[in-house]
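In: could you work out the structure for the sequence below:
(chains A and B)
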Amino acid sequence: MPTPSRWMIKASMLYMLIGFVIGAMILISKVYPEYSSVWNLLTVHIEVGIFGWIIQLTMGTAYWILPRFLKTKSRGNAKLALAMVGMLNLGILINVASYVSILHSSAIILGRVLELGAVALFIVLHWNRAVSYNT
Amino acid sequence: MPRIARVFIKTGLIYFLASLLLGLASEFNWLQFPGMVPLFWHLLMVGWITQIIFGVSMWMFPGRTREEGFKAQLWGWLTYIFLNVGLVLRGIAEPATYLDEGSLWSVLIVISAISQVAAAVFYIIELWPRIQSKEQRRRQRKKKRERKKAKNEK
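Out: Okay, the predicted model is just below:
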């Protein structure tokens, strides 16, 4: 399994755990309203659950599992792949920091731009790998 | 496909159907019940998507044991049991808490929440060591072979 995939899959598992823990706290607060302040973490729960866990795991697995290029046997530009990993995770962390008020709320724009950049790189890296080598 | 993957996928398909039925029902006033919308989203995202990811990754990711059975695939089966106990308890207890504020429902909600977190932990225990490069896998296999050889020589 290539390095970008390993990083993405392992990061996605950590995000999954964080998402589940926050979700569990929110669920418990429904019957113990004295802990209702955890509802402030609902946006973090959604961000890490969707972008951190599901989207990141899908991207990491696709990078590993889609057909490699026939001539070079590579998965494309490795530096771009690492940039994709960095941008996606930086985007998620900026958004989370913004949701918990460590950063200003407008930082979400930067977070979303970084996530968008990661997805654009993902498309660039995988477009020509979605092929059939059967003639 | 190993049994555990089949069970995860088939259970996921049932949640998929159930979640969409719930989503459809939520559009009709006379079919609505409290807590329906979060339940719909969680049956879809945890019951279907997360469950199918768990099942397929346990099957497709490198390093799985070929041996079938609860003991041989302990962490995988614990993931399945805890995830689904958590989801089913939530499906029952969450709407019930809106109708009756009994302490039984509160306890079931807490068990449901802890059970799902436990499932996430068990999944990580199962999958984390399997996320390896080819070189790491080669080294691990070599070590295993050497250990086996040393054991046989004794």
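
In: can you give me the helices in the chain?
Out: Going with chain A. Taking DSSP state H to define them, one finds helices in chain A at A:3-31, A:42-47, A:56-65, A:78-99, A:107-126.

In: correction: the question concerned chain B.
Out: According to DSSP H, the helices that chain B contains are B:3-25, B:36-42, B:51-60, B:74-99, B:103-127, B:134-153.

In: how about the longest one, does it reach chain A?
Out: Translated: helix B:74-99. Yes: among the residues of helix B:74-99, B:90, B:94, B:97 lie within reach of chain A under C-beta under 8 Å from any C-beta of the partner chain. Heads up, the C-betas are built off the backbone N, CA and C, glycines and all.

In: return the member of the residues you listed nearest to chain A.
Out: Chain A lies nearest to residue B:97 out of the residues of helix B:74-99 next to chain A, by C-beta to the nearest C-beta, at 5.6 Å.

In: pretty sure the closest one sits against residue A:31.
Out: Yes: with contact defined as C-beta atoms under 8 Å, residue B:97 counts as touching residue A:31 (5.6 Å).

In: if I pick the residue lying closest to residue B:134 once chain neighbours are set aside, what's in contact with it?
Out: Closest residue in space to residue B:134, ignoring its immediate chain neighbours: residue A:1 at 7.4 Å, by C-beta to C-beta, 6 or more residues apart in numbering or on different chains. Shown in contact with residue A:1 (C-beta atoms under 8 Å, 6 or more residues apart in numbering or on different chains): A:9, A:64, B:62, B:131, B:132, B:133, B:134.

In: same check, this time on residue B:125
Out: So residue B:125 contacts residue B:75 (C-beta under 8 Å, 6+ apart).

In: and if we set it to 10 Å?
Out: Residue B:125 sits next to B:74, B:75, B:76, B:78, B:79 when contact means C-beta atoms under 10 Å, 6 or more residues apart in numbering or on different chains.

In: again, but for residue B:21
Out: B:31, B:40, B:43.

In: who wins for most neighbours among the residues you listed?
Out: Neighbour counts for the contacts of residue B:21, by other C-beta atoms under 10 Å in any protein chain shown, peak at residue B:43, which reaches 24 neighbours.

In: quick one: it from chain A, how far?
Out: Per C-beta to the nearest C-beta, to the nearest Å, residue B:43 is found 13 Å from chain A.

In: that residue reaches residue B:11, doesn't it?
Out: No: Residue B:43 lies out of contact with residue B:11 (C-beta atoms under 10 Å); the separation is 11.4 Å.

In: shared neighbours of those two, anything?
Out: B:51, B:87.

In: who touches stretch A:93-105?
Out: Outside stretch A:93-105, the residues that reach it (C-beta under 10 Å, 6+ apart) are A:15, A:18, A:40-48, A:51-52, A:106-115.

In: between the helix or strand bottoming out on mean pLDDT in chain B and helix A:3-31, how big is the angle?
Out: Ranking every helix and strand in chain B by mean pLDDT, DSSP states H and E puts helix B:134-153 at the bottom, with a mean of 87. Helix B:134-153 and helix A:3-31 are oriented at 90 degrees to each other (axes from the mean of the first three to the mean of the last three C-alpha atoms, to 10 degrees).
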